[in-house]
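> This is a predicted model, with the sequence first.
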Amino acid sequence: MIVLAQVWDLHLEGCHSLKEKRAILQGLKARLTGKLNLAVSETGQQDKWQRAELAVATVASDRRVAEETLRAADRIVEATGGVRIMDTAVVVR
């Protein structure tokens, strides 16, 4: 069994309020859970309008499958309008 987690430090360019930020993140989290069945959580930067830290986790029997899932998650985050990835980290267990 392999457990992989990925954390993104995000810049939300067009947000001018926490309400706008939450709307963007809710949509992003719904896509990550719906399409890839990932566990998703906002893990940092909750009080800042234009910054967010988002983490996902996946469990698989094969490392290759888990890595492909995280690459697909990266593509979803990159394709989200108004979101720019500042940094990313992968944790292996």
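Structure received. Numbers count the residues shown, from 1 in each chain.

> Would you state the helices of this protein in chain order?
Taking DSSP state H, the helices of the chain run over residues 18-36, 63-79.

> From the contact counts, what lies against the last one?
Taking 3 or more Cβ pairs under 8 Å, 6 or more residues apart in numbering; DSSP states H and E as contact, the helices and strands that helix 63-79 lies on are strand 2-12, helix 18-36, strand 51-60, strand 83-92. Placement of C-beta: from N, CA and C, glycine included.

> Rebuild these as CSV, extending it with mean neighbour count, distance to residue 42 and mean pLDDT.
Output for these, formatted as CSV (neighbours: other Cβ atoms under 10 Å; distance: least, Cβ to Cβ, whole Å; pLDDT from 0 to 100):
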stretch, mean neighbour count, distance to residue 42, mean pLDDT
strand 2-12, 19, 10, 96
helix 18-36, 15, 6, 95
strand 51-60, 19, 6, 96
strand 83-92, 13, 13, 92
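
> would you turn the ones you listed into a markdown table with distance to residue 69?
Below are the helices and strands packed on helix 63-79 laid out as a markdown table (distance: least, Cβ to Cβ, whole Å):
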| stretch | distance to residue 69 |
| --- | --- |
| strand 2-12 | 8 |
| helix 18-36 | 6 |
| strand 51-60 | 5 |
| strand 83-92 | 12 |
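
> Next, the distance between the ends of stretch 40-60.
Across stretch 40-60, the terminal residues are separated by 16 Å (Cα to Cα, to the nearest Å).

> Name whatever forms a beta bridge with the residue positioned nearest the centre of the chain.
By Cα atoms, centre = their mean, the chain has its centre lying nearest to residue 54, at 4.5 Å. Taking DSSP bridges as the rule, residue 54 bridges to residue 8, residue 42.

> What separation is there between it and residue 12?
According to Cβ to Cβ, to the nearest Å, residue 54 and residue 12 sit 11 Å apart.

> In stretch 32-49, which residues are buried?
In terms of neighbour count (16 or more other Cβ atoms under 10 Å), stretch 32-49 has its buried residues at 32, 36, 38, 40, 42, 45.

> give the contact list for the nearest residue in space to the third one that is not next to it in sequence.
The shortest distance from residue 38 to any non-neighbouring residue, by Cβ to Cβ, 6 or more residues apart in numbering, is to residue 56 (4.3 Å). Residue 56 makes contact with 5, 6, 32, 36, 38, 39, 40, 41, 70, 73, according to Cβ atoms under 8 Å, 6 or more residues apart in numbering.
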